[in-house]
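Asks: After the sequence you'll find the predicted model.
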Amino acid sequence: DFLPDAYTYKALLDITARANSTEFSDEGTKINRALVMKEEMLSMGMDVDAVTQNLLLQCAKADGSPEAVRIAEDIFVSMQRRSRDSFTYTAMMDMYVSRNDREAAFKVLEIAKRDGKKPSVQMYNTAIRACEKDRQKVLEVREQMKLDRVAHNAVTRTILAKLSIPID
């Protein structure tokens, strides 16, 4: 018999997050399938570490349902602040942006700062995408990015170019 290890489950969670949503029609939603995998991990005595929790957040984002958002929020709140990383905050922000909830995305950015984490370029790019229809807000985010000494990357340049906003 083959018994999957934690790496196998993490790979399966990643595949679940990236899979075409129609592939899960017989098994329920992506987040429900991901939660089943989490329970299997726990029943086998495996630790649900920060990487696994981040993958669960990705599954919730990919699922997109209101239930998945609630589950993601529960996972986020249950995570120890020291185990949250840029990937964690970006996943949460991105989930909110995909649901057009700009306020929630910016709240996560503030939580990261309150948690003592320096916002990453990915977090700022997500914040810019959250408000790309509000030129003034984009300019404010770009300015805050400069103040936090976060260097822009190709994604930042592409987003700003689409909005006809200069980089510097």
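Replies: In hand now; what should we look at? Please read all numbers here as calculations on a predicted model, not as lab measurements. Numbering: from 1, shown residues only.
Asks: how about stretch 98-111: buried residues?
Replies: 99, 102, 104, 105, 106, 108, 109, 111 (16 or more other C-beta atoms under 10 Å). Yep, even glycine has a C-beta here, placed from its N, CA and C like the rest.
Asks: tell me the two of these that are most distant?
Replies: Greatest spatial distance in the buried residues of stretch 98-111: 99 and 111, 17.3 Å, computed using C-beta to C-beta.
Asks: can you pull the contacts of residue 55?
Replies: Contacts for residue 55 (C-beta atoms under 8 Å, 6 or more residues apart in numbering) come out as 10, 13, 14, 17, 34.
Asks: 10 Å instead, please
Replies: With contact taken as C-beta atoms under 10 Å, 6 or more residues apart in numbering, residue 55 is in contact with 9-17, 34, 37-38, 48-49, 87, 91.
Asks: CA atoms of the helix or strand encompassing it as CSV?
Replies: Under the criterion of DSSP states H and E, residue 55 resides in helix 50-63. The C-alpha trace of helix 50-63 is given here as CSV (Å, rounded to 0.1, in the frame of the first residue of the first chain):
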residue,chain,number,x,y,z
ALA,A,50,2.2,27.4,7.2
VAL,A,51,2.8,26.0,3.7
THR,A,52,-0.2,23.8,3.9
GLN,A,53,-2.3,26.6,5.3
ASN,A,54,-1.2,28.8,2.4
LEU,A,55,-2.2,26.1,-0.1
LEU,A,56,-5.6,25.9,1.6
LEU,A,57,-6.0,29.7,1.1
GLN,A,58,-5.1,29.2,-2.6
CYS,A,59,-7.8,26.5,-2.8
ALA,A,60,-10.3,28.9,-1.2
LYS,A,61,-9.4,31.7,-3.6
ALA,A,62,-9.7,29.3,-6.6
ASP,A,63,-13.1,28.1,-5.3
